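A.B. asks: task: produce atomic coordinates for the following.
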Amino acid sequence: MKYLRKFFSLTADERLLLVKATLLLGVIRVGLKLLSFYKLRSLLAKIAQPRAKLQSADNVSVNHITWAVTVASRYLRAKCLPQALATQVLLSRRGYPTQLRIGFIRSKDGQMSAHAWVETQEQIVIGVTGNMARYILLPLQEVESDESSNWHLFT
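C.D. replies: Prediction:
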């Protein structure tokens, strides 16, 4: 009941954005289990095409998008990769330039761990954790997309 009360205390635009983020995160989580990463990125690149209607109709900020993805991730228990992919799609659809980053780091005991994040205008907008400079970036193959969305790591 507490969650419903919180949800309905949001503005209509915030509720809609939160629902979109939740649905997109759910689709991405399923997609990561059923499809290859490259195939999922190809599908998401099509969804992420900027929409003139979205760019002019709503004035959703980067902060609002990352807020919605972060909140939805708490309920869906989505980790960094689904969060980064969802954030990139929602930002790209609104015309924000984005870069998906995936990096690896080796701990002192030799364990490898990966992390994903999204940058726009050289600022990390989702996925900040510790010392980001320690991550070794993974180069990804380019996925067909428009100029406003950079779906690969190195240009």
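
A.B. asks: buried residues, the longest helix along the chain. List them.
C.D. replies: Counting by DSSP state H, the longest helix found in the chain is helix 12-34. Using 16 or more other Cβ atoms under 10 Å as the test for burial, helix 12-34 gives 14, 17-18, 20-22, 24-25, 27-29, 31-32. (C-beta placed from N, C-alpha, C; glycine too.)

A.B. asks: likewise stretch 1-8?
C.D. replies: Of the residues in stretch 1-8, none is buried (16+ other Cβ under 10 Å).

A.B. asks: just the C-alphas of it, formatted as PDB.
C.D. replies: The C-alpha trace of stretch 1-8 is given here as PDB (Å, rounded to 0.1, in the frame of the first residue of the first chain):
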ATOM      1  CA  MET A   1       0.000   0.000   0.000                       C
ATOM      2  CA  LYS A   2       2.900   2.300   0.800                       C
ATOM      3  CA  TYR A   3       4.300   1.900  -2.700                       C
ATOM      4  CA  LEU A   4       1.000   2.600  -4.300                       C
ATOM      5  CA  ARG A   5       0.600   5.800  -2.300                       C
ATOM      6  CA  LYS A   6       4.100   6.900  -3.300                       C
ATOM      7  CA  PHE A   7       3.400   6.000  -6.900                       C
ATOM      8  CA  PHE A   8       0.200   8.100  -7.000                       C
END
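
A.B. asks: what are the boundaries of the helices in this structure?
C.D. replies: Assigned by DSSP H, the helices in the chain fall at 2-9, 12-34, 37-47, 52-57, 62-76, 80-93.

A.B. asks: redo the ones you listed as CSV? Include mean pLDDT and distance to residue 129.
C.D. replies: Shown next, in CSV, are these (pLDDT from 0 to 100; distance: least, Cβ to Cβ, whole Å):
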stretch, mean pLDDT, distance to residue 129
helix 2-9, 82, 26
helix 12-34, 96, 18
helix 37-47, 94, 21
helix 52-57, 56, 29
helix 62-76, 96, 13
helix 80-93, 96, 8
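
A.B. asks: may I see those organised as CSV, with distance to residue 134 added?
C.D. replies: Shown next, in CSV, are those (distance: least, Cβ to Cβ, whole Å):
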stretch, distance to residue 134
helix 2-9, 36
helix 12-34, 25
helix 37-47, 23
helix 52-57, 36
helix 62-76, 22
helix 80-93, 15
